[in-house]
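Chemist: Predicted structure and sequence below. I'll ask about it afterward.
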Amino acid sequence: MRMTSIEQLHFFDDNPQFPNNIFARLQFRGHLQPELMQTAFSQAVARHVWGNSVVRSTGWGWFWHEDPAAQPKFIWSHSSTDHSFPPIDLNRESCCRVVCRATALGTEVTWQVHHAAVDGQGGLQFVRDWLLIYENLLEGRPAQSGLVPLETERLRYRNRLGLFTKRYLSQSWKQPLGLFGAAKFLFRRFATLLDETSDAWPENSLASTFPTIQSFQVDAATIHKLKRQCKHLNIQLNDWLLSSLFRTIRRWRREQGLGNSQECFRIIVPVSIRTADDRWLPAANRASLVQLDRLNIDDTHPCHLAQGIHYELNLIRNWLLDRFFLLGVRLTNLAPGLLRRTVKSNRRRATTMLTNLGKPLLRTGLTTNEAGQIQIGSLILERLELIAPIRQGMPISFAVVEYAGELTMTLHYDQRVVSPEMAAEIQRIYREELEVFA
């Protein structure tokens, strides 16, 4: 299959210093059966078809090419320390790999996938199927029991934007606003986490442990209070997470003696463009990106900041302005080599990124216990983490998932420029912003 323009963007936006890989990390209480887990993994890969594909360039463009030798790696590690994940090279190997290792609590499973193949929602769609197949095999049921039938042919239309649907055409007169917004983002200067004059931006190889993360959890009682406050303000929880993140970065920089009260901050927000028909689509990259800029954060009341974000995101969703980024990528890709040159420019794109996948394991068909945790035989999934990419000039990114009533916030940071102490302080401020609101 020919690569879509967004897949090519993620493929080009990859280098050994900043791998364009995403991760899902699952912490189980109890010990899984490695052979059975590997069998379930292989069947899930076959179900979603792209697992044994590599990327090839021809005179007609870039293609996913089936290569029987490029099988996904399933690694069982007996090391109790953090495992380093080498970047995935789509030119010669499968787009995903798995590492399982024993921990003091049970078993940790880390799934690594190249962003060109899937976005976060698509990746966790694969993980859901994988876990259900494992439960089916463990219980002696047919492996495909309870799985939604997938239609491989739909992959040919995975790049569709619905530009000729009645809904989009009715909003088409508003699209010039998207062009105005894009121009504003292109020319506006924004603050990075560290000073732009810093010479610490890495050109060297990855740190010895990749990815480097810190996480914290927000308990169910606090989440309930947060959602109650959000309902009172007529906003969504994600709006407050974004508002708190803007304030967190500003507070941290102020405490470090960096910047001034008038500086602008930019957060990248991935947005799924899946429709109801995509429930039969194998895991794929069906997401766009929007950017939020905020000025004068010190002078804006936190509630007003969150309500402004809510208003802006609603306009983007209702007017379908989230398609504008994908349209821009598609148009750029029409000129030979332009998309690749644009992506390789190493231009700084944002202060940070926040990926919120909501409740990706809410309706899986899997057995759950009283705490809402997935239970497969004697195995209990206690924690789920998503790890988003970092980029040149954007040394931290956040990812959020809600599971078993708790919110897990994962900070992925570049250990070459951000110390563990700096990351911990950013996490502390973020937690404080959330708990004060609750």
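Modeler: Okay, I see it.

Chemist: Name whatever forms a beta bridge with V109.
Modeler: Per DSSP bridges, the residues bridged to V109 are L26, C100.

Chemist: Local confidence estimate at it?
Modeler: Confidence at V109, expressed as pLDDT, is 94.

Chemist: okay, now it: neighbour count?
Modeler: Per other C-beta atoms under 10 Å, the neighbour tally for V109 reads 20. C-beta coordinates here come from the backbone N, C-alpha and C atoms, glycine included.

Chemist: next one: A104
Modeler: Look at A104: counted by other C-beta under 10 Å, it has 5 neighbours.

Chemist: Look up how far Q27 lies from it.
Modeler: Distance of A104 to Q27, computed by C-beta to C-beta, to the nearest Å: 11 Å.

Chemist: go on, V343?
Modeler: The spacing between V343 and Q27, counted by C-beta to C-beta, is 34 Å.

Chemist: Same drill for these two, tell me which one is more crowded.
Modeler: Neighbours per residue (other C-beta under 10 Å) separate V343 from Q27, with V343 holding more: 20 against 17.

Chemist: so for stretch 276-285, what's the average pLDDT?
Modeler: The average pLDDT for stretch 276-285 rounds to 91.

Chemist: got it, and stretch 394-408?
Modeler: The average pLDDT within stretch 394-408 is 95.

Chemist: And it, end to end?
Modeler: 21 Å (C-alpha to C-alpha, to the nearest Å).

Chemist: tell me which residues of it are tucked away?
Modeler: Residues of stretch 394-408 classed as buried by neighbour count (16 or more other C-beta atoms under 10 Å): 394-404, 406-408.

Chemist: nearest to M353, of the residues you listed?
Modeler: S397 (4.2 Å; C-beta to C-beta).

Chemist: okay but the closest one is in contact with T351, surely?
Modeler: No - counting by C-beta atoms under 8 Å, T351 is not a contact partner of S397; they are 10.3 Å apart.

Chemist: any chance of the buried residues of stretch 394-408 in CSV, plus secondary structure and distance to V99?
Modeler: As requested, these are exported to CSV (DSSP: H, G, I helix; E, B strand; the rest coil; distance: C-beta to C-beta, whole Å):
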residue, secondary structure, distance to V99
M394, strand, 26
P395, coil, 24
I396, strand, 23
S397, strand, 21
F398, strand, 23
A399, strand, 19
V400, strand, 23
V401, strand, 19
E402, strand, 25
Y403, strand, 21
A404, coil, 23
E406, strand, 24
L407, strand, 25
T408, strand, 19
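
Chemist: how about the one helix or strand L315 maps to: buried residues?
Modeler: Here L315 sits within helix 302-318, counting by DSSP states H and E. Judged by neighbour count (16+ other C-beta under 10 Å), helix 302-318 contains these buried residues: P302, L305, A306, Q307, G308, I309, H310, E312, L313, I316.

Chemist: Can you dump the C-alpha atoms of that helix in PDB for me?
Modeler: The C-alpha trace of helix 302-318 is given here as PDB (Å, rounded to 0.1, in the frame of the first residue of the first chain):
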ATOM      1  CA  PRO A 302      -7.100  29.900  35.700                       C
ATOM      2  CA  CYS A 303     -10.800  29.300  35.100                       C
ATOM      3  CA  HIS A 304     -10.900  31.900  32.300                       C
ATOM      4  CA  LEU A 305      -7.800  30.200  30.800                       C
ATOM      5  CA  ALA A 306      -9.600  26.800  30.800                       C
ATOM      6  CA  GLN A 307     -12.900  28.300  29.400                       C
ATOM      7  CA  GLY A 308     -10.900  30.000  26.600                       C
ATOM      8  CA  ILE A 309      -9.300  26.700  25.700                       C
ATOM      9  CA  HIS A 310     -12.700  24.900  25.800                       C
ATOM     10  CA  TYR A 311     -14.200  27.600  23.400                       C
ATOM     11  CA  GLU A 312     -11.300  27.300  21.000                       C
ATOM     12  CA  LEU A 313     -11.200  23.500  20.900                       C
ATOM     13  CA  ASN A 314     -15.000  23.500  20.400                       C
ATOM     14  CA  LEU A 315     -14.600  25.800  17.400                       C
ATOM     15  CA  ILE A 316     -11.900  23.600  15.900                       C
ATOM     16  CA  ARG A 317     -14.100  20.500  16.300                       C
ATOM     17  CA  ASN A 318     -17.400  21.900  15.200                       C
END
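
Chemist: Show me what secondary structure element comes after it.
Modeler: Next in sequence after helix 302-318, counting helices and strands by DSSP H and E, comes helix 323-332.

Chemist: between that next one and helix 302-318, how big is the angle?
Modeler: 50 degrees (axes from the mean of the first three to the mean of the last three C-alpha atoms, to 10 degrees).

Chemist: and the residue nearest to A24 when sequence neighbours are not counted, how many neighbours?
Modeler: Excluding the flanking residues, the one nearest A24 by C-beta to C-beta, 6 or more residues apart in numbering is W111, at 4.7 Å. By other C-beta under 10 Å, 21 other residues sit near W111.

Chemist: dump the residue contacts of W111.
Modeler: F23, A24, R25, L26, C96, R97, V98, G123, V127 (C-beta atoms under 8 Å, 6 or more residues apart in numbering).

Chemist: In CSV, list those along with distance to L362.
Modeler: Compiled in CSV, those are given as follows (distance: C-beta to C-beta, whole Å):
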residue, distance to L362
F23, 21
A24, 15
R25, 19
L26, 16
C96, 23
R97, 27
V98, 23
G123, 16
V127, 13
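
Chemist: Now intersect those residues with the helices, please.
Modeler: G123, V127 (DSSP state H).

Chemist: P34: which of the contacts of W111 is nearest?
Modeler: Nearest to P34 among the contacts of W111: V98, at 10.4 Å, using C-beta to C-beta.

Chemist: and the closest one, what is it in contact with?
Modeler: By C-beta under 8 Å, 6+ apart, the neighbours of V98 are F41, P72, K73, F74, I75, V109, T110, W111, Q112.

Chemist: and it, what pLDDT?
Modeler: The per-residue pLDDT reported for V98 equals 93.

Chemist: what about N21, neighbour count?
Modeler: Neighbours of N21 (other C-beta under 10 Å): 24.

Chemist: which ones are touching it?
Modeler: F85, P87, I88, Q112, V113, H114, H115, P211, P389.
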